[in-house]
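A.B. asks: Fold the following, please.
(chains A and B)
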Amino acid sequence: MQLRIIIVIVVSLSIGKTYAQDSTEIFSQLKDNTSPFMDFKEVFYSSPSLKSYERNYSFSQLAASNLNNRQDLYVYQKGSGNNGYQIEADSYLKSNSSSTLWGKAYYRNEKQTRVNYNESNDYDLIYPYVMADTIGGDLLSETYFFSGGFTKQLESFQYGLYASYRGLQSYRDRDPRPKNISSDIDAVLSISKPIYKQYDIALDLKFRKYNQNNDLQFVSELGAPLVFHDAGLGVYNSLLAGNRTKAYYNGHAFGGQLNIAPNDRNGFITQIGYKQFEFYKLLSNIIFPIVEVTDNTFNVLIGYTKEDITQNFAIKLGAFHSKRSGLEAKFNNRDASVSIEKISEDIRYISEQKTLNLQAIYGRKAAKLDWYIQGNAKLSQQNQQYISPDRKFEYSNLLLGLNLRGIKTFQTTMLTAQLGIKKLQNLTGDYYWNDLNNQTGIYEMLTANYASLTASNFQLNGNIRLDYQFSNNLIFFVQSASSYTSYRNNYSGRQLIIATGFIF
Amino acid sequence: MQILKTIGLSIALATMLLLNACKKDNNLSIKQTELNVSLKNPENLQGVFLKDAAITFKEINSGSIYTSSELVNNSFEIMLPEGSYDVTLEGTVEYKEDGQSIISNVRGYQNGLVVNGTSANLKLSLFLYDDDANFVIKEIFFTGTQTAEGKNYNGDKYFIIYNNSDEILFADGLIIAQSKFLTTSKIEYTPDIMSSAFTTSDIVMVPGDGDDYPIEPGKSFVVANNAINHLEYNSASLDLTKADFELGLISSINVDNPEVTDLINVTNSLLMHDRGFKTFVLARLNGTTEDFKQNNTYTYTYLSGIGTVMTADSYKIPNEWILDAVNLSVASEFEWIVTDPSLDMGWTYVGKVDKDANRYGKSVTRKILSTTPEGREILKDTNNSTVDFEPETKPSLFK
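C.D. replies: Alright, predicted model coming up:
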């Protein structure tokens, strides 16, 4: 059923493109659309009203991939890895000179392994306010994603609209048995206008609606472990711990971004954006939210891009800052006239993240070989604090990376090979949860998470891809990407992705 | 000009968004309340002087504990984070009786004190408590066991009643009663008689004429659910054929051992709550069982979950008749104690959550306070089961 939906969408999106193309242009267009330079500058034209400048050529792809990821060091709530498959369709169509249409759909079926202290969906979105127990285990999930957007030029303005829907269902076939369903809707409205020479200015307004039903069940007659609701750094409200196994998350976000970018893909880029995401968490039989969360995010990006028929160059510096605070309620259940009442609230948890990311890419295109070299340096900081009991967790890391890619075209095939290295160096780290007994599971969880996030490592990654031209407008490809991450004390991480598909 | 307008409008919108981001104060904070606790001395005493006292506040959301011993003019001033608190006080008073100065221990107890706002007040009534020795409940094995097939097995539950005094006591006429109310469900019962009596409908009594069952100091007797060798049916259980008494259970689960004396069911059969949500008391009736049933009925009303007024009948045991009380609960469900705090101001447990899978085969056991030179154990009995009992112990009758 899901496959059928995806295929229908892809065919619909691609309908304007089912004409025969000049065979000599096929690989030229393919190289342009799949080059690392295209990936690199995608963010420059992320505004829906600037999307028409992103690519030179239309592009549609139907792909299937298999992922296997295993990590020795990991954040308990996210699990030690994942494996599964994904079927995906992408399309970017320049239907005529004044409008552009793009879309994406995928279905993912995966198993997250060894998820612990988390029985909820979307940890990165709702952290740290998950339902938790000490047992956990592998978690099965299915994700459905659909998105679409278009850009339309009317007189001197370009209007853009983008919308996406993500549905996620996760479950486990043995106790504890979560059955979680979340839905996530995004929408962006955008308008742009030329301002000076080749530059356009665009303003985006962003909206988001999120909710999740988080239900945990036990079928064993022998009883159940303690179920609690994490409030940050392993702290939980004793009054709400026990058998409260139904939670509901309701959130929304709004934001905006101002963009200045060249319409000929040559020049400077500036972006400044802000987003506020708020959500609350309810438990069954309690009418008051147990926590209300506010997350403010700022992002700034400056960049420069230059391209011609023989070479490409781009550089970008991005800064990101987010601050999340949790307003936590206290309750009283000792009053006989009401079952449970809210009596106070305080901001007791704060999480702050900052990143500074410098990236650059240079590429040369020639008949014999196209090649690209890409480097990046990323400084990231994270700081989490909880008050009463007082706990904290902070670290900073520096990531240095270098990638080389070569693309060689033969008569009906194109071979792409990439090799990359990454060095993650922990710079600082500190934690404090002295109120915890070091024999408890929560102490072990916090300590393991800290060790995972502050572990320096070295990663080697590679990617090889073969594209074969079936006909004038159909290309088949196979691709394999893998990485190996090495930590101290013989810890390691491995990831392998095998993908295949068609481009048309 | 048009370009400038466009830029100006864009910057204005971006500024509005940024200002909105900054308007909320999102720094860590805990609101504090200044609490004044004024102490009310025990009633009907002459010349009462509170010599010392220590007060403890346990916040029920966080589990945080705050204490103070700074007693000034029979009151405490303390800054507390906003929250809901269980308050306990232990102290010493001196009072006059027949011209003599008497020193006694006092306690105070307040359940679910809501502390919020900039300031709050609490008037805490103190009461004397007497730890004179008598029969006490030494052990309650109320969870039962599980068979190898994972089925619940209830016939092997038992009580151990201990003579904690230094003289021979007779078990004849001693009663064990299980509370009508649950410690996990606080309900406003009208009239509220908890300060004067214990509400029950399950009462059993040791038979005898008053001198049939002497119990030596430091000795105990066992009351079993079914006094049989349970190992024949469940390898995880125990042999209770040597129990001193057995309960008369409902016919569907009763297995009678004719060689072991049955307790008398004064009211209903006593079926021990296997998740530990009820309270047990040890008492002596003042009169015959018929007198008791005639003179100690208790009709009360309460609001049901859907708001209708419900009426129920039960029995009440006057607090003065009660020798010992043990409140049982589990942390995740606890809402109140169902005795007057002068009988028991705490509670003990097996299992931390409702239906805890780990509760089977565990009991609660009273702690040993000291041992006399003759080797007699004196059990701890401060009328606070939280401190008097070891929770989740291995039942002592298990091999």
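
A.B. asks: Specify the local secondary structure of A:D32.
C.D. replies: helix (DSSP: H, G, I helix; E, B strand; the rest coil).

A.B. asks: Give me the neighbour count for the residue in the stretch 101-250 of chain A that chain B sits nearest to.
C.D. replies: Nearest to chain B, among the residues of the stretch 101-250 of chain A, is A:G242, at 2.6 Å (CB to the nearest CB). All C-beta atoms are positioned from the backbone trio N, CA, C, and that covers glycine. Here the number of neighbours of A:G242 (other CB atoms under 10 Å in any protein chain shown) works out to 20.

A.B. asks: How about residues contacting stretch A:376-384?
C.D. replies: A:128, A:232-233, A:349-360, A:392-401, A:453 (CB atoms under 8 Å, 6 or more residues apart in numbering or on different chains).

A.B. asks: give me the low-pLDDT residue ranges for the chain?
C.D. replies: This is for chain A. Judged by pLDDT under 70, chain A has its weakly predicted residues at A:1-24, A:336.

A.B. asks: wait, chain B
C.D. replies: Looking at chain B by pLDDT under 70, you get B:1-26, B:98, B:129-131, B:370, B:372-374.

A.B. asks: Residue of it nearest chain A, please.
C.D. replies: Closest residue of chain B to chain A, CB to the nearest CB: B:G112 (2.1 Å).

A.B. asks: which element is the residue nearest to that residue when sequence neighbours are not counted on?
C.D. replies: Using CB to CB, 6 or more residues apart in numbering or on different chains and skipping the chain neighbours, the partner closest in space to B:G112 is A:R334 (2.1 Å). Assigned by DSSP states H and E, A:R334 belongs to no helix or strand.

A.B. asks: Report the buried residues of the helix or strand where A:K179 lies.
C.D. replies: A:K179 is part of strand A:177-196 when elements are defined by DSSP H and E. For strand A:177-196, burial by neighbour count (16 or more other CB atoms under 10 Å in any protein chain shown) applies to A:177-178, A:180, A:182, A:184, A:186-193, A:195.

A.B. asks: same question, stretch A:201-209
C.D. replies: Result for stretch A:201-209 [16+ other CB under 10 Å]: buried residues A:I201, A:A202, A:L203, A:D204, A:K206, A:R208.

A.B. asks: Against A:G148, how distant is the nearest residue to the fifth one once chain neighbours are set aside?
C.D. replies: Spelled out, it's A:K206. Counting by CB to CB, 6+ apart, A:G255 is the residue found nearest to A:K206 once chain neighbours are left out, at 4.4 Å. As judged by CB to CB, to the nearest Å, A:G255 and A:G148 stand 20 Å apart.

A.B. asks: Between the two, tell me which one has more neighbours.
C.D. replies: A:G255 (22 against 18).

A.B. asks: about what we covered before: isn't the residue nearest to A:K206 right up against A:Q276?
C.D. replies: Yes - contact criterion CB atoms under 8 Å: A:G255 and A:Q276 qualify, at 6.3 Å.

A.B. asks: got any residues that touch both of those two?
C.D. replies: Common contacts of A:G255 and A:Q276 (CB under 8 Å, 6+ apart): A:T297.

A.B. asks: Give me the secondary structure label for A:F477.
C.D. replies: Applying three-state DSSP: A:F477 is strand.

A.B. asks: Name the residues linked to the residue lying closest to A:A499 once chain neighbours are set aside by a beta bridge.
C.D. replies: In space, and not counting its chain neighbours, A:A499 is closest to A:S65: 3.7 Å by CB to CB, 6+ apart. With DSSP bridges as the criterion, A:S65 is bridged to A:Q86, A:A499.
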